[in-house]
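Engineer: Show me how the following folds:
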Amino acid sequence: MFATRNAIKVAARSFSTGVPLQSKVAVLGAAGGIGQPLSLLLKANPRVTSLGLYDIVNTPGVAADVGHVNTLSEVNGYTAKDKDGLEKALKGAELVVIPAGVPRKPGMTRDDLFNTNASIVRDLTQACAKFCPEAKLLIISNPVNSTVPIATEVFKKAGVYDPKRIFGVTSLDLVRASRFIGDKVGKITDVPVVGGHAGVTIIPLFSQVKGLELSKEERDSLTHRVQFGGDEVVKAKDGTGSATLSMAYAGARFADSLLRAGAGEEVLEWAFIRTSLFEKEGLDFFSTYIKLDKNGVKEILPLPESISEYEKELVQKAIPELKKSETKGTSFVASK
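Structural biologist: Coordinates of the predicted model:
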């Protein structure tokens, strides 16, 4: 399980000083609400050698700003107006993090974002397939349950697909579950979350938290809060946006997991990936336990046999929703 994290230490997972610099990371959508704090957290990570920031506008300003953070990594910002800007941002990248897209507003579901964000993810991943086909892709753009299949189909079309290297970042669900349980137990405790990254497809496995006892009412309430925690933020921001700071934290945390795995550490994570765990049900993508190494996914682990009957029911309820989202994503690429 993850070690307890001290958010004050750069907020992206116990970054230690003296770690050798090793990696270029590209952020596509770097001038947005998630992209800016994400770029800051990545700049503060001593494992990052270089940041390539890209967005339609304003990226040079973001690059100049975060470039003043006192870590020994270079930052370059490119816009759509720059000649070969996207190529320059991507060339040589080990990781590409994609938070680009429009945010949710009150009353919107993640599926409401599909038409706009699907095109953005398709176009950006086409560039990734061309300019950095061996990079690990971290998809944040919603709806993740559809955008990861989109990225997969794009890479297949380009002939460079490797399922070990494409991830849907669901870390925010784990962060929320950990925080919400923290209110109850008085400390930050890691909670596995599987399934997908939208509503009922988000399945917190509270049964896997050692020593945690919940009443039925507490279990139901906490499960619902994790599943629809994003709605709290959308409502609180009153039409001005969705979860950006917490998502940036979660994205930086997952990026650091991949960087640590690339440096030889054994890392256990959870992410939305292509897997055969539910192939009998006709489902190709699911967020589950994975072991990481320098190539990406080293091993996909099955769900624990000890999950509760309640959690098994949640998985079965999620499968039809995940299948619909998956089909929506793959069909989008096939129709273009």
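Engineer: mind giving me the domain split of the protein?
Structural biologist: For the chain, the structural domains run 23-168, 171-330, going by automatic domain parsing.
Engineer: what distance separates the start and the end of the first one?
Structural biologist: Using Cα to Cα, to the nearest Å, the end-to-end distance of domain 23-168 comes to 20 Å.
Engineer: Need the winner for burial among the domains of the chain.
Structural biologist: Among the domains of the chain, domain 23-168 has the highest mean neighbour count (mean count of other Cβ atoms under 10 Å), at a mean of 21. C-beta coordinates here come from the backbone N, C-alpha and C atoms, glycine included.
Engineer: mind showing which ranges of the stretch 51-200 of the chain have poor pLDDT?
Structural biologist: Along the stretch 51-200 of the chain, segments meeting pLDDT under 70 span 104-105, 108-111.
Engineer: For it, which segments count as helices?
Structural biologist: Per DSSP state H, counting those that start in this stretch, the stretch 51-200 of the chain carries helices over the ranges 59-66, 85-90, 114-131, 144-158, 171-185.
Engineer: Tabulate those in a markdown table, adding columns for distance to residue 249.
Structural biologist: Listed next are the helices of the stretch 51-200 of the chain as a markdown table, based on distance: least, Cβ to Cβ, whole Å:
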| stretch | distance to residue 249 |
| --- | --- |
| helix 59-66 | 15 |
| helix 85-90 | 22 |
| helix 114-131 | 21 |
| helix 144-158 | 17 |
| helix 171-185 | 7 |
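Engineer: do you know which of the ones you listed lies nearest residue 318?
Structural biologist: For the helices of the stretch 51-200 of the chain, proximity to residue 318 was assessed by Cβ to Cβ; helix 144-158 is nearest, at 9.7 Å.
Engineer: which helices and strands sit right next to the closest one?
Structural biologist: Packing partners of helix 144-158 (3 or more Cβ pairs under 8 Å, 6 or more residues apart in numbering; DSSP states H and E): helix 114-131, strand 136-139, strand 166-168, strand 267-274, strand 285-293, helix 309-334.
Engineer: which stretch among those comes nearest residue 219?
Structural biologist: Residue 219 lies closest, by Cβ to Cβ, to one member of the helices and strands packed on helix 144-158: helix 309-334, at 6.9 Å.
Engineer: Just the mean pLDDT for the closest one, thanks.
Structural biologist: Confidence over helix 309-334 (mean pLDDT, whole number) is 97.
Engineer: Just give the nearest non-adjacent residue to residue 297, would you?
Structural biologist: residue 164 (4.2 Å; Cβ to Cβ, 6 or more residues apart in numbering).
Engineer: correct me, but that neighbour touches residue 292?
Structural biologist: No. Between residue 164 and residue 292 there is no contact under Cβ atoms under 8 Å: 9.2 Å.
Engineer: shared neighbours, the two?
Structural biologist: residue 298 (Cβ atoms under 8 Å, 6 or more residues apart in numbering).
Engineer: Quick one: low-confidence residue ranges for the stretch 201-336 of the chain.
Structural biologist: The model of the stretch 201-336 of the chain has no residue with pLDDT under 70.
Engineer: related to what we said a few turns ago, which residues are in contact with the residue nearest to residue 297?
Structural biologist: Applying Cβ under 8 Å, 6+ apart to residue 164 gives the contacts 295-298.
Engineer: 7 Å instead, please
Structural biologist: For residue 164, the contacting residues are 295-297, by Cβ atoms under 7 Å, 6 or more residues apart in numbering.
Engineer: can I get the residues you listed in TSV with distance to residue 143 and secondary structure?
Structural biologist: Shown next, in TSV, are the contacts of residue 164 (distance: Cβ to Cβ, whole Å; DSSP: H, G, I helix; E, B strand; the rest coil):
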residue	distance to residue 143	secondary structure
295	27	coil
296	22	strand
297	22	strand
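Engineer: For residue 217, state which of those is nearest.
Structural biologist: Of all those, residue 297 has the smallest distance to residue 217: 37.3 Å, by Cβ to Cβ.
Engineer: I figured the closest one hits residue 275, correct?
Structural biologist: No. Using Cβ atoms under 7 Å, residue 297 is not in contact with residue 275, being 8.9 Å away.
Engineer: how close does the closest residue to residue 57 other than its chain neighbours get to residue 159?
Structural biologist: Excluding the flanking residues, the one nearest residue 57 by Cβ to Cβ, 6+ apart is residue 79, at 5.6 Å. Note on residue 79: its distance to residue 159, by Cβ to Cβ, to the nearest Å, is 29 Å.
Engineer: What of residue 199?
Structural biologist: Plainly put, residue 199 is 35 Å away from residue 159 if you go by Cβ to Cβ.
Engineer: same check, this time on residue 278
Structural biologist: 27 Å.
Engineer: Could you do residue 112 as well?
Structural biologist: For residue 112, the distance to residue 159 equals 33 Å [Cβ to Cβ].
Engineer: Is it correct that residue 322 is in contact with residue 203?
Structural biologist: No. Using Cβ under 7 Å, residue 322 makes no contact with residue 203, being 10.6 Å away.
Engineer: who are the neighbours in contact with the spatially most central residue of the chain?
Structural biologist: When Cα atoms, centre = their mean is applied to the chain, the residue found nearest the centroid is residue 169 (1.6 Å). Residue 169 makes contact with 138-140, 250-251, 254, 271, according to Cβ under 7 Å, 6+ apart.
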